[in-house]
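Participant: Please work out how this folds:
(chains A and B)
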2 protein chains.
Amino acid sequence: MHHDDIAGFFATRASLDTNAYLELSFTFECAGDPRAAAAHLASEQSTAQWQRVGIAEDFRPQFAAKVLELNATPLPAFSVPLAVTPPGPVHRCRAVIAHPHGNFGARLPNLISAVLGEGVYFAPGIPLVRLEDIRFPDAYLAHFEGPQFGVAGVRERLQVHGRPIFLGVIKPNIGLPPEPFAQLGYEGWLGGLDIAKDDEMLADAPYSPLAERATRLGALRVRAEQETGVPKGYLANITDEVDRLGALHDVAVNAGANFVMVNAMPVGVSGVRALRRVARVPIVTHFPFIAAFSRIPAHGVHSRVIARLQRLAGADVIIMPGFGDRMMTPPHEVLENVQACLEPMGPLKPSLPVPGGSDSAATLTGVYRQLGTVDFGFVPGRAVFGHPMGPRAGAMSLRQAWDSIAAGVPVAEHARSHPELAAALG
Amino acid sequence: MHHDDIAGFFATRASLDTNAYLELSFTFECAGDPRAAAAHLASEQSTAQWQRVGIAEDFRPQFAAKVLELNATPLPAFSVPLAVTPPGPVHRCRAVIAHPHGNFGARLPNLISAVLGEGVYFAPGIPLVRLEDIRFPDAYLAHFEGPQFGVAGVRERLQVHGRPIFLGVIKPNIGLPPEPFAQLGYEGWLGGLDIAKDDEMLADAPYSPLAERATRLGALRVRAEQETGVPKGYLANITDEVDRLGALHDVAVNAGANFVMVNAMPVGVSGVRALRRVARVPIVTHFPFIAAFSRIPAHGVHSRVIARLQRLAGADVIIMPGFGDRMMTPPHEVLENVQACLEPMGPLKPSLPVPGGSDSAATLTGVYRQLGTVDFGFVPGRAVFGHPMGPRAGAMSLRQAWDSIAAGVPVAEHARSHPELAAALG
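Facilitator: Numbers count the residues shown, from 1 in each chain, chains lettered A, B, ... in the order given. Okay, the predicted model is just below:
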């Protein structure tokens, strides 16, 4: 890019029709002039070569991405060891780029190709770059269906109001046949789980065919509803090849599942959106693979971008890494993901956030306090199904923990008269 | 995990039916005992809780992943700045893990969920982990269709043998209407391109609807074939929502496209496989998003794993980052990706590798020498469509460069009598 061309990739917000642009927040580390690097980042993700040879034309005014903000701080060197680095003085930068969504339209794969594609990760001089956030104007959001049920619809189905939704990952799962697997779910429901769920790795496998699993859990779900007098959820993992999702949804739902789960990135967010178009029950998405590109602070994608894409695709419930050392996710990132689910997003309903990972009755108070809302799902696995007194007691321990929080009584005090809770804390 | 349980996640290759296992090569950095960390890595990606409370059962013999090899070297600290790190002495490790594919079957999303899922990226004590390679036994590969045409089928269609396939990315593309866009492709074909291709960011957009683009290029492709006497390819980018891919394939092919492209990760490799089941022309995959999780040597996934998944999904041609500083990819990684396309893979046909990025007549000799084979595609953009003498001359410069290589004449010498080549080198 010639020096004179750089200015063509900078603009002020006031000069743009903001409804025509996505706003992308990037951090990056570059070698050489930060202003030139930012211009390349904008150019490569949009117009690149913006005129034919020998023709007086310029596609930049309508089609180029434009840098709205840029801050640069010198660094002694790139902060992460890399195989190949460009030469020149290093800066760490923050940039906000306006990207015209008319270039590709309301299509998730094309959106991803533009904002997380070759143009972003191969911009000259920028070996480290992270898309920190993305904002969509209402004109763009209007083309997406978003969640069909959302937080209110999920609460309505379960008749749960004013408290978190309690989910339990049935364990063991890999290797356990449907009959004893369903029995575990039944015990969990009787103990107070709202939703008994499949593990995200449990597929339509020979040792646990989905049709049989859903049939057995569907029957026991009805029995649990009759015995407890409240609605219950069975969340079937239908993660599979994208051209099987619709059929597997029908298999699971016809057999008695009333929630379905897919692993968002392994299936692709476009696969989630396709499922949304045919789903009759709430869609729950799970987080495999995301940490591969969101963990390193200096490169990749902030996980809230993926949360926003899942909401755009129509996830009613989004399971994400939660608090606690095990999940290796800083608390601010958990909160940013929860916010991406719940905050206003044009006409789209909110998704129920489920920050998970090694939770139990002992962690509920902390999770609730940090989130500052009851609009979340709580999803232990071993705390319910590895509870020393069994799954029913494990589920009871969660509800007892919530009862004590709701009553303003310390959980440890409540445990003195509730042996299931005491065992969970022990 | 209790100390006694660790041994249950180690095995020797000789003790296993290797046809029942995938072999996964990981590098990771861990805190604490490397042997315990490796056992966690195997456990979390497979059985996790392997028995019900109070029941004498053990799912590990059949269903657990097992560590086959482990090497650990002390490190002073984690090599990458992280937001959250576990405590304890740090080691850098290499591990080979055998993962039983019967846990999930021949389904790409479930495969990804197992080998790149929560179990891998959230194994206790392991904040940095990279899946370096994956090997599939023939018993697993037998369930996949793989490429429909492969290298031989692509060559047959184009009647090109004994030399690389020359592709050109028509530029400009974002903003340019179909009529002048098609004219550029036509010029490229007349100059010697085998395939004129859409940019990976060019969608079915209002300024360039796919149906009109494919119709215009289809008509000019036939004319170029008549004028040159050789088959030509128009590669239409049909990247879009997964439930539109089949229909867009038909739109493009019925209008005259004879190759189709999808962006593998944005669409999802399962979407590629679904397209493979209905495609009537070779499928080309492109690489947006992959660098988000493959660039950092210490974390994420080696890009050759994604190349293998694309071949498994049925990509006939795989476009990948190539040589040269611009692509920020070490030469060994380019070669490893090319190898993943071409080496034997059970019953699956090879995919044609296309290492790309800022190539021109000036880089062809180096690329050919490094690859050591003619079985590759060469895919310049600006070197053809930004050539100072126009696209026809740009395409001619590539063929002239190859003619000189084939004749054993230095390219610079050949340029003396070929002005198009001279301009490309200038």
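
Participant: what about the residue of chain A found nearest chain B, how many residues close to it?
Facilitator: Nearest to chain B in chain A, going by Cβ to the nearest Cβ, is A:Gly268, at a distance of 2.6 Å. Bear in mind the C-beta positions are built from the backbone N, C-alpha and C, glycine included. The tally of other residues near A:Gly268 (other Cβ atoms under 10 Å in any protein chain shown) stands at 30.

Participant: which residues does it contact?
Facilitator: With contact set as Cβ atoms under 8 Å, 6 or more residues apart in numbering or on different chains, A:Gly268 has these partners: A:Pro109, A:Val242, B:Val242, B:Pro266, B:Val267, B:Gly268, B:Ser270, B:Gly271.

Participant: With A:Phe144 instead?
Facilitator: Here A:Phe144 is in contact with A:Ala106, A:Arg273, A:Leu312, A:Ala313, A:Gly314, A:Leu348 (criterion: Cβ under 8 Å, 6+ apart).

Participant: Helices - which of those residues land there?
Facilitator: A:Arg273, A:Leu312, A:Ala313 (DSSP state H).

Participant: Return only those of the residues you listed found close to chain B.
Facilitator: A:Arg273 (Cβ under 8 Å from any Cβ of the partner chain).

Participant: Serialize the ones in helices among the contacts of A:Phe144 to JSON lines and add fields for pLDDT.
Facilitator: Putting these into JSON lines (pLDDT from 0 to 100) gives the following:
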{"residue": "A:Arg273", "pLDDT": "98"}
{"residue": "A:Leu312", "pLDDT": "98"}
{"residue": "A:Ala313", "pLDDT": "98"}
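
Participant: PyMOL command for the buried members of the ones in helices among the contacts of A:Phe144?
Facilitator: This is the PyMOL syntax for the buried subset of those, where burial follows 16 or more other Cβ atoms under 10 Å in any protein chain shown:
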select buried, chain A and resi 273+312+313
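
Participant: okay if I get the ones in helices among the contacts of A:Phe144 as CSV plus distance to B:Ala423?
Facilitator: Putting those into CSV (distance: Cβ to Cβ, whole Å) gives the following:
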residue, distance to B:Ala423
A:Arg273, 47
A:Leu312, 46
A:Ala313, 48
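
Participant: got a list of what the residue positioned nearest the centre of chain A touches?
Facilitator: Nearest to the mean C-alpha position of chain A, by Cα atoms, centre = their mean, lies A:Ala307 at 3.5 Å. Neighbouring residues of A:Ala307 by Cβ under 8 Å, 6+ apart: A:Ile318, A:Met320, A:Asn337, A:Ala340, A:Cys341, A:Ser351, A:Pro353.

Participant: Which neighbouring elements make contact with the helix or strand containing the fifth one?
Facilitator: Looking back up the chat, that one is A:Cys341. Using DSSP states H and E, A:Cys341 sits within helix A:331-342. When contacts are defined as 3 or more Cβ pairs under 8 Å, 6 or more residues apart in numbering or on different chains; DSSP states H and E, helix A:331-342 sits against helix A:303-313, strand A:317-321, strand A:352-356, helix A:364-371.

Participant: Which of these sits closest to B:Leu235?
Facilitator: For B:Leu235, the closest of the helices and strands packed on helix A:331-342 is helix A:303-313, at 27.1 Å, according to Cβ to Cβ.

Participant: now the angle between strand A:352-356 and that closest one, please.
Facilitator: 140 degrees (axes from the mean of the first three to the mean of the last three Cα atoms, to 10 degrees).

Participant: Tell me what angle helix A:303-313 forms with strand A:317-321.
Facilitator: Angular relation of helix A:303-313 and strand A:317-321 on a 0 to 180 degree scale: 170 degrees, by the same axes, to 10 degrees.

Participant: what about helix A:303-313, distance to the chain center?
Facilitator: Counting by Cα atoms, centre = their mean, to the nearest Å, helix A:303-313 is centred 5 Å from the centre of its parent chain.

Participant: next one: stretch A:46-54
Facilitator: 37 Å.

Participant: That one - what's its average pLDDT?
Facilitator: The average pLDDT within stretch A:46-54 is 90.

Participant: So for that stretch, what gets flagged as buried?
Facilitator: For stretch A:46-54, using 16+ other Cβ under 10 Å, the buried residues are A:Ser46, A:Thr47, A:Ala48, A:Gln49, A:Trp50, A:Gln51, A:Arg52, A:Val53.

Participant: repeat for stretch A:92-102
Facilitator: Those would be A:Arg92, A:Cys93, A:Ala95, A:Val96, A:Ile97, A:Ala98, A:His99, A:Pro100, A:His101, A:Gly102, for stretch A:92-102 by 16+ other Cβ under 10 Å.

Participant: With distance to A:Gly394 as new columns, can the residues you listed be given to me in CSV?
Facilitator: Below are those laid out as CSV (distance: Cβ to Cβ, whole Å):
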residue, distance to A:Gly394
A:Arg92, 46
A:Cys93, 49
A:Ala95, 48
A:Val96, 47
A:Ile97, 48
A:Ala98, 50
A:His99, 47
A:Pro100, 52
A:His101, 47
A:Gly102, 52
